[in-house]
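> Predicted model and sequence follow; I will ask about them next.
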Amino acid sequence: MSGRLLTGAAWAVLLLGLWLWGREVTDVRQGISTPTTGDMAAVGRPPEVRLPPAARPLGRALPQRIDIPGLGVQAPVVARGLDGLGAVDPPPFDQPGVVGWYAAGAAPGAAGPALLVGHVDTETRPAVFYRLSALRPGRPVRVVRADGTVAEFTVDDVRVVARDRFDARQAYGAREPGRAELRLITCGGTFDRASRSYTANVVVSAYLTGTGR
């Protein structure tokens, strides 16, 4: 599978896997209380928000850390693949502060949508993306890369997508061809005790607007 382009069956498997990941892997396990994350307050992009122009994509380099100043998040990023069911394999539950990067896809800062996944909570406490839905368009997200550069992204869209209206291709596909994009993904909505799953997914979209060191 190409590190920059997903096509045909590989793309279909990834999208199905991401959907399964959102339904099952980040579910709260037995014993945790039912948190309310405030996700239902998140809405796309208000029309009055002015966004900067996109920057030229960078070359491929491994991500090392993600910083989200508006949420107080500074988290290591680790490469992840697919599990036996074809779902993106997130960091283990005993690493709630770690973010997983789908390493067979685009690297953050390179052309295409780079996918970063994180847990919303564990059995006992909030996890790295617990407040992800509190991000708003125009806010920065920075990814420190192994080549010494910092890919600086600007959030352009925050969506909470109900499970019964989820479109994986729309959620995870490129918004604009050739642009360096970022997707931050976790569970959202409320926790359904009957199905032991969340009612929605939070998908934050951002695009490259600068580079630092």
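Ah, there it is.
> confidence score at the spatially most central residue of the chain?
With distances taken as C-alpha atoms, centre = their mean, Leu184 lies nearest the centre of the chain, 1.7 Å away. Note on Leu184: pLDDT of 95.
> Show me which positions of the longest strand belonging to the chain end up buried.
Longest strand in the chain, counting residues (DSSP state E): strand 197-212. Residues 197-209 are the ones in strand 197-212 that count as buried (16 or more other C-beta atoms under 10 Å). No exception for glycine: its C-beta is placed from N, CA and C like everyone else's.
> pLDDT for these - can I get that in JSON lines?
JSON lines is the format used below for the buried residues of strand 197-212 (pLDDT from 0 to 100):
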{"residue": "Ser197", "pLDDT": "70"}
{"residue": "Tyr198", "pLDDT": "71"}
{"residue": "Thr199", "pLDDT": "73"}
{"residue": "Ala200", "pLDDT": "79"}
{"residue": "Asn201", "pLDDT": "82"}
{"residue": "Val202", "pLDDT": "90"}
{"residue": "Val203", "pLDDT": "91"}
{"residue": "Val204", "pLDDT": "95"}
{"residue": "Ser205", "pLDDT": "96"}
{"residue": "Ala206", "pLDDT": "97"}
{"residue": "Tyr207", "pLDDT": "98"}
{"residue": "Leu208", "pLDDT": "98"}
{"residue": "Thr209", "pLDDT": "98"}
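> Please spell out which residues along stretch 94-112 are buried.
Residues of stretch 94-112 classed as buried: 95-96, 98-112 (neighbour count, 16+ other C-beta under 10 Å).
> I'd like the next helix or strand past the lowest-mean-pLDDT helix or strand in the chain.
The weakest-scoring helix or strand in the chain, judged by mean pLDDT, DSSP states H and E, is helix 8-20 (a mean of 46). Using DSSP states H and E, the helix or strand that follows helix 8-20 towards the C-terminus is strand 63-68.
> average pLDDT for that next one?
pLDDT averaged over strand 63-68 gives 98.
> angle of that strand against strand 197-212?
On the basis of axes from the mean of the first three to the mean of the last three C-alpha atoms, to 10 degrees, strand 63-68 is oriented at 100 degrees to strand 197-212.
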